[in-house]
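In: Let me see the structure of the following:
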Amino acid sequence: MYIIIVGGGKVGYYLAKTLAPEKHRLVLIEEENDMCQKIAEELSDLGITLIHGDGTSVDDLKEAEIESADILIAVTGHDQNNLVACQLAKNYFGIPRTIARVNNPKNINVFQALGVDSVVSSTQYIADIIEHEVDWAGINRMLSQKVGNLRIQEFPVGGHSSAAGKQVMDLALPSGIILVSLIRDKEAVVPNGQTRILAGDSIVAMGGEEGIRQLRTYFSAAEGEG
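Out: Numbers count the residues shown, from 1 in each chain. Okay, the predicted model is just below:
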C-alpha cells in the first residue's frame with residue numbers, strides 16, 4: 001500500500017515508524033527543516049521517503065507522486081492544514097481514502113461534512129474515556145504486563161498547589177512523566193508547553209511508579225510542602 005503522511009511531528013514520526021515494518025511504501029512530508037533533518041537521521045534505515053515540503057501545496061504533493069497513493073494521512077498540529085491536505089488529496093487528485101488528525105474536537109463535524117473519510121481526535125478519545133469512567137486499575141494492570149513499571153493516573157489540582165497558575169513548560173515534573181490530558185469544565189484538551197494549569201483542573205499523566213507518586217504530591221501541595 002502506498003501511504004503519504006503529512007506532518008512529521010510526534011504523531012507523524014511514530015506513525016511512519018510503526019507502519020514501516022509492514023512493508024508499505026511510505027512518503028513523509030514535513031515543512032520544518034530541523035524536523036526533516038531529525039527524521040532523516042533517525043528513520044533513514046526504514047526505507048521512508050522524506051520530502052521537505054508543504055502538504056497543502058499541489059506541487060509538493062505531486063513531488064510525492066500523490067496520484068499513485070492509496071491513502072493520505074494528515075497529522076500536522078494545525079487543523080486547517082490537515083483539512084486542506086485531505087481535500088486536495090480527495091477532490092483534486094482523487095485519492096481513495098483520507099485520514100485527518102483533529103486537534104480541536106469542535107472541528108470533527110466540519111471535517112466529516114467536507115468529505116474526510118476518517119477523523120481522529122485524541123482529545124475526543126480521552127474525553128470519551130473519562131465520560132465512560134474508564135477503569136484506571138484495569139489500564140494499569142495492562143501497562144504493567146506490557147512495560148513493567150509504567151502507570152497512568154488522574155490527579156486533581158488543589159487550590160493551594162504550587163502548579164496552579166503555571167504553564168506546563170514551567171512545571172517541575174518528575175523525570176519520565178508525560179501529561180496526557182488536562183480536564184477542565186468536563187472538557188479534555190491535550191496540553192502543550194503554553195497550557196496554563198488552574199486550580200480545579202484534573203491532569204491525566206503517565207510515567208513510572210516513582211514519578212507518579214511524586215506527581216500526586218506536586219499537584220496537591222503548595223511550595224515547600226510534601
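
In: pretty sure Ser220 contacts Ser161?
Out: Yes. The pair formed by Ser220 and Ser161 meets the contact definition of Cβ atoms under 8 Å, at 6.0 Å. Yep, even glycine has a C-beta here, placed from its N, CA and C like the rest.

In: Settle it for me: which of these two has more neighbours?
Out: Ser161 (23 against 18; other Cβ atoms under 10 Å).

In: My reading is that that one lies in a helix. Confirm?
Out: No. Counting by DSSP: H, G, I helix; E, B strand; the rest coil, Ser161 is not part of a helix but coil.

In: sec struct for the closest residue to Val6 other than its chain neighbours, please.
Out: Of all residues not flanking Val6 in the chain, Gly55 sits nearest, at 3.1 Å (Cβ to Cβ, 6 or more residues apart in numbering). Here Gly55 is recorded as coil under three-state DSSP.

In: May I have the predicted confidence score for Gly55?
Out: pLDDT, Gly55: 95.

In: what does Asn104 give?
Out: 84.

In: And for Phe111?
Out: On pLDDT, Phe111 comes in at 92.

In: Who are the packing partners of the one helix or strand it maps to?
Out: Per DSSP states H and E, Phe111 falls inside helix 108-113. Helix 108-113 is packed against helix 79-87, strand 118-120, with contacts defined by 3 or more Cβ pairs under 8 Å, 6 or more residues apart in numbering; DSSP states H and E.

In: pLDDT weak spots in this structure?
Out: Scanning the chain for pLDDT under 70 picks out the ranges 122-149, 221-226.

In: what sits against the residue nearest to Val6?
Out: Val6, Gly7, Ile29, Glu31, Leu61, Ala74, Thr76, Asn81, Ala85 (Cβ atoms under 8 Å, 6 or more residues apart in numbering).

In: repeat for Leu198
Out: Taking Cβ under 8 Å, 6+ apart as the test, what Leu198 contacts is Val157, Ala164, Gly165, Arg184.

In: Are we agreed that it is in a strand?
Out: No. Applying three-state DSSP, one finds Leu198 to be coil, outside a strand.

In: where's it relative to Gly115, distance?
Out: Leu198 is 38 Å from Gly115, where distance means Cβ to Cβ, to the nearest Å.

In: quick revisit: of the contacts of Leu198, which is the most crowded?
Out: Among the contacts of Leu198, the one with the most neighbours (other Cβ under 10 Å) is Val157, at 23 neighbours.

In: That residue contacts Val168, doesn't it?
Out: No. Applying Cβ under 8 Å as the test, Val157 and Val168 come out as separate, 12.0 Å apart.
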